[in-house]
Every structure is written in structure tokens, then in C-alpha cells.
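In: got a sequence here, can you build the structure:
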Amino acid sequence: MDKIVNSLRPQRIVWPILIGLGVSAFMLIRSFDANTFSFVEFTWRTFYYIFLAFVMMAIRDLAYIYRIIVLTEGYLSWKQAFNVIMLWEFSSAISPSVVGGTGPAIFFLYKEGMSGGRSTAVVLTAIFLDEMFFILTVPLVYIIYGQNIFPPDSVKIDQIIYAFYGGYIIIFVYTLFLFYALFINPQLFKSFISWVFLFPILSRWRMRARKSANQLIQTSKTIKGKPFSYWFKSVVATVFSWTARYWVVNFMLMAFFHERYNLYDHFLIYGRQLSMWIILLISPTPGGSGIAEFIFSDFLGDFIANPSWYAPLAIFWRLITYYPYLFIGVIILPIWIKRVFRKDSSYKKIQ
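Out: Just a heads-up that it's a prediction; the model follows:
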């Protein structure tokens, strides 16, 4: 528990900010010319679409908050759910994307009064729903758009395609594993874990692994037999959340280039972002910092007329979709820890 608290130190926001701004500065300097900011025109249309971009992020968060209330079967209030989701996003933003915020998310729910088994059940179910969204929607947009879901003019197209397929396979295998372990045979998973951690090199973590396996069995018991309404509401909230997040880019581009896109373009931009996130989900940097700015230019460059505009638009995109969670987390975290720990000594460690 202390390790999780220490891993959430607000000072850790410095690294993703430095990485993201460093890459953005490099991109700006590399492509800077007299037209770099010429696309910015402050008209009523610009402000209207930028406002809609922020509305999409609000819808995204509201959908996630609603989903966790559904998954906890009303155990969390809206205020508690808001704190948990914002802190979950914060922990994801300061952790490598491939690691994510799973452990801290379980910790947040546990400190809100839920049992360890039920907290694990809620988080693993939420992750399973998110991964299923990608597993199902990516093939769908590929069927519709084919190779167009990849940037046609990128000099790194081979590496992008390899990263995409590699990321999809990892997510597919992980989701398949979660499905089998959660819904079919959690006991087999426990036996497998027990066998793997008999190896001398892994033996020091055997007790922790067995505890996780036992939590997974409890998770399976918890989520089996849930009513249709439980799954329907959770799935709808998941679709709304991810779709709203992707439409941020559509509205952002409309703010500056509203005459350039038709309906086909908008859904293709949506499909491109699905491909982008498959790669970002396995990023080794905190919240995909640095990598996100680069692949934004690669994946969406053919929708932007001037290459010198790529970097400022990528920065603006991250200012809407990523950096707010860092600063919201820094504000909420000390207040939340003070409330749930009260005078616990662990609180002092984050000061």
C-alpha cells in the first residue's frame, strides 16, 4: 500500500510534462517556418468547435464516472466516482501506458471502503470492457477503410504497421486471457500461476502472485450472474466514453479547417485514432508522452494541409486530452489522501 501511495507523488508529473514538451519543442523547431501558426484564426466558429472538443472530454469523463457507479452497483456516490476516475486517469498519466493505472485503481476503490476482492472485480471488469471495445471496433473500421486506417505518406509506415499488429495481438491475447480467467476457468489460472512461480527466479513473488490469483477467482464469482442491465449500461458507457474521446480531434480540426472535411473524412479520422491508440496502449513512456505527439503527426498529417502545423496541433490536442488530468490529479490527490487516511502515517509520505 505504501508503494502505491509513493508511486502517486505529485512530483512525478514533471517527467511526462518534460518528455511531452521536449518532443513538442523538437517538432516545432524542426518544422518551424513563417506559417507555423497561420492556421489560427479566432472566429466564433473556432471557439464553438474548441468548446465542443472540451465538451467531448466532459462526456468521456461522465461516461466513465457513470460506468464505475454501475460496476460498483451504486456503492460509490457521484463525488466518490469522480475522485476515483480522476485519480485513475492521473495514475495512468504518470505511468507507462503499457503498465497503466490498474494497481492504483484497485487501491482507490479499496480506500473508498470496498473489499479487495470487489475492488479487483470492478477494475478488471472495466479493463475488460475497454479492451473489448478495441478488439471489436478495430476490425470493423479495417473492414470499412482497409489500409487507409494507416497513414499513407509516413516514411515509417512499416514500423507503424508492425507496432499496430503487435499491439493488437498483445491486447487480443490479454483480453482473451481475461475472458477465460474471469468467465470460464479461474481455477486453472490459479494453478498455472502457482506452477510458473515455482521457478527459482520468480519464487520471491510467489505469495503475491497467489494472492492475485485468489483475487481473480473472487472477481469471477462476483461478476458471474450479473443481470443484462448491468452489462448493457456498462457497455454503452464504454462506447460513449471512447467515442467522445476520439471526437475531440474531429472538433479540434473543425475549429481551424471546417471546410476541409466531409462525413467520410470524419469517420476515417475516428478510425485512424483507433489505430493510434492501439500503439499508445503499449507505449513505454508515461501516458504515451512524446510518442503521442509523434504519431499524431504521422496518422493525421494527410488531413492537415501544411506540415508546419502538425506540432502546434499535436500540442493543442494533448492540452485538451492529457495535461488536464495531471493537474486535476495534483489538486485532488492530497485532499483525497487526507480524507481516506486521516492521520495515517502513509499520508505524511506524500508531502
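
In: got a pLDDT number for residue 302?
Out: Note on residue 302: pLDDT of 83.

In: so what's the residue count around it?
Out: Residue 302 has 15 neighbours, counted by other C-beta atoms under 10 Å. (Glycine included, C-beta is placed from N, CA and C.)

In: how far away is it from residue 295?
Out: Distance, residue 302 to residue 295, by C-beta to C-beta, to the nearest Å: 14 Å.

In: please apply the same query to residue 220.
Out: Looking at residue 220 against residue 295, where the rule is C-beta to C-beta, the gap reads 36 Å.

In: pick out whichever of these two has more residues nearby.
Out: Each of residue 220 and residue 295 has its neighbours counted (other C-beta under 10 Å); residue 295 has more, 24 against 19.

In: that one - that's part of a helix, no?
Out: Yes - using DSSP: H, G, I helix; E, B strand; the rest coil, the assignment for residue 295 is a helix.

In: check whether residue 238 really touches residue 66, as I assumed.
Out: No - counting by C-beta atoms under 8 Å, no contact exists between residue 238 and residue 66, whose distance comes to 10.3 Å.

In: what is in contact with the two at once?
Out: Residues touching both residue 238 and residue 66 (C-beta atoms under 8 Å, 6 or more residues apart in numbering): none.

In: pull the number of nearby residues for residue 334.
Out: Tallying neighbours of residue 334 according to other C-beta under 10 Å, which is how burial is gauged here, yields 13.

In: helices and strands around the helix or strand containing it, which ones?
Out: Element membership of residue 334, judged by DSSP states H and E, is helix 323-341. Taking 3 or more C-beta pairs under 8 Å, 6 or more residues apart in numbering; DSSP states H and E as contact, the helices and strands that helix 323-341 lies on are helix 14-31, helix 78-93, helix 345-348.

In: could you identify which of those is most buried?
Out: helix 78-93 (a mean of 22; mean count of other C-beta atoms under 10 Å).

In: which is the next helix or strand following that helix?
Out: Remark: after helix 78-93, the chain's next helix or strand is helix 102-111, criterion DSSP H and E.

In: list the buried residues for that next one?
Out: 102, 104-111 (16 or more other C-beta atoms under 10 Å).

In: run through the neighbouring helices and strands of it.
Out: Other elements packing on helix 102-111 under the criterion 3+ C-beta pairs under 8 Å, 6+ apart are helix 2-7, helix 78-93, helix 116-145.

In: just the residues contacting it, thanks.
Out: When contacts are taken as C-beta under 8 Å, 6+ apart, the neighbours of helix 102-111 outside the stretch itself are 1, 4, 7-8, 72, 76, 83-84, 87-88, 91, 95, 116, 118-120, 122-124, 126-127, 340-341.

In: next, count neighbours for residue 252.
Out: Residues lying near residue 252 (other C-beta under 10 Å) number 22.

In: could I get the average pLDDT for the one helix or strand residue 162 maps to?
Out: Assessed by DSSP H and E, residue 162 sits inside helix 157-179. Taken as a whole, helix 157-179 carries a mean pLDDT of 87.

In: and the pLDDT for the closest residue to residue 322 other than its chain neighbours?
Out: Ranked by C-beta to C-beta, 6 or more residues apart in numbering and with sequence neighbours excluded, the top spatial neighbour of residue 322 is residue 287, at 5.9 Å. The predicted local confidence for residue 287 comes out at a pLDDT of 70.

In: ditto for residue 5
Out: Reported pLDDT at residue 5 in the predicted model: 59.

In: now stretch 233-250, how far from the centre of its chain.
Out: Distance of stretch 233-250 from the chain centroid (C-alpha atoms, centre = their mean, to the nearest Å) equals 12 Å.

In: okay, now the unreliable bits of the stretch 201-350 of the chain?
Out: Per-residue confidence of the stretch 201-350 of the chain (counting by pLDDT under 70) places the weak regions at 201-206, 208-209, 212, 342-350.

In: hey, C-alpha coordinates of stretch 323-337 in PDB?
Out: Included here for stretch 323-337 are C-alpha records, laid out as PDB according to Å, rounded to 0.1, in the frame of the first residue of the first chain:
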ATOM      1  CA  TYR A 323      -2.400  17.500 -19.400                       C
ATOM      2  CA  PRO A 324      -5.600  18.400 -17.600                       C
ATOM      3  CA  TYR A 325      -5.600  15.000 -15.800                       C
ATOM      4  CA  LEU A 326      -2.100  15.700 -14.500                       C
ATOM      5  CA  PHE A 327      -3.100  19.000 -12.900                       C
ATOM      6  CA  ILE A 328      -6.500  17.800 -11.700                       C
ATOM      7  CA  GLY A 329      -4.800  14.800 -10.100                       C
ATOM      8  CA  VAL A 330      -2.300  17.000  -8.300                       C
ATOM      9  CA  ILE A 331      -5.200  19.100  -6.800                       C
ATOM     10  CA  ILE A 332      -7.400  16.100  -5.900                       C
ATOM     11  CA  LEU A 333      -4.800  13.600  -4.600                       C
ATOM     12  CA  PRO A 334      -3.700  15.400  -1.400                       C
ATOM     13  CA  ILE A 335      -7.300  16.100  -0.400                       C
ATOM     14  CA  TRP A 336      -8.400  12.600  -1.200                       C
ATOM     15  CA  ILE A 337      -5.500  11.000   0.700                       C
END
